[in-house]
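> A structural model of the following input is requested.
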Amino acid sequence: QVQLVESGGGLVQPGGSLRLSCAASGSTFNIYSMRWYRQAPGKERELVASIRRMEGSTNYADSVKGRFTISRDNSKNTVYLQMNSLKPEDTAVYYCNALLHGSIDYWGQGTQVTVSS
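Numbering: from 1, shown residues only. This is a model prediction of the structure:
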């Protein structure tokens, strides 16, 4: 099993920045990729960014390309999501997800990000 704990959410003005962290524990050696999802009120959960644990290759949703950066520190079993130039439409609960080899995945509890003036 893998446990995920997110942190770093909060209230920020449009144009501001936040960095989310996701610390993994447990069977972290079996993680294939780490992903950030978000879910806004009344909307479906959407994939924001992903990173492969070993080679570090990344992918982003078109809506965040050029503004968000996903990174990882394997020595700390932590994944980050640096969010710049935030917009009100980025307001959502952000969830960390770990995909293990064998297609089992685990979710964090979520952290609220609110972009508002």
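> how close does the residue nearest to residue 47 when sequence neighbours are not counted get to residue 13?
Spatially, and ignoring its direct neighbours in sequence, residue 47 is nearest to residue 37 (5.6 Å; CB to CB, 6 or more residues apart in numbering). Every residue, glycine included, has its C-beta placed from N, CA and C. Using CB to CB, to the nearest Å, residue 37 is found at 24 Å from residue 13.
> who has more neighbours out of those two?
Per other CB atoms under 10 Å, whichever of residue 37 and residue 13 has more neighbours is residue 37, with 21 against 10.
> what about the residue nearest the centre of the chain, helix or strand, and which?
Note on the chain: the residue nearest the mean C-alpha position is residue 36, at 2.7 Å, using CA atoms, centre = their mean. Applying DSSP states H and E as the criterion places residue 36 in strand 31-39.
> and what of residue 23?
Going by DSSP H and E, residue 23 is part of strand 18-26.
> okay, the angle between that strand and strand 31-39?
Our comparison of strand 18-26 with strand 31-39, counting by axes from the mean of the first three to the mean of the last three CA atoms, to 10 degrees, yields an angle of 140 degrees.
> in its sheet, what does strand 18-26 sit against?
strand 2-7 (antiparallel), strand 78-83 (antiparallel) (DSSP bridges).
> the helices in this protein, which residues?
Secondary structure of the chain (DSSP state H): no helices present.
> got any ranges where it has weak pLDDT?
Filtered on pLDDT under 70, the chain yields no residues whatsoever.
> now for the residue nearest to residue 111 when sequence neighbours are not counted, how many residues are close by?
Counting by CB to CB, 6+ apart, the nearest residue to residue 111 once its immediate chain neighbours are dropped is residue 9, at 3.4 Å. A count of nearby residues for residue 9, using other CB under 10 Å, gives 19.
> surely residue 9 and residue 113 touch.
Yes: with contact defined as CB atoms under 8 Å, residue 9 reaches residue 113; the gap is 4.8 Å.
> need the residues touching each of these two.
Contact criterion CB atoms under 8 Å, 6 or more residues apart in numbering; residues bridging residue 9 and residue 113 by contacting each: 18, 20, 94.
> thanks a lot, catch you later.
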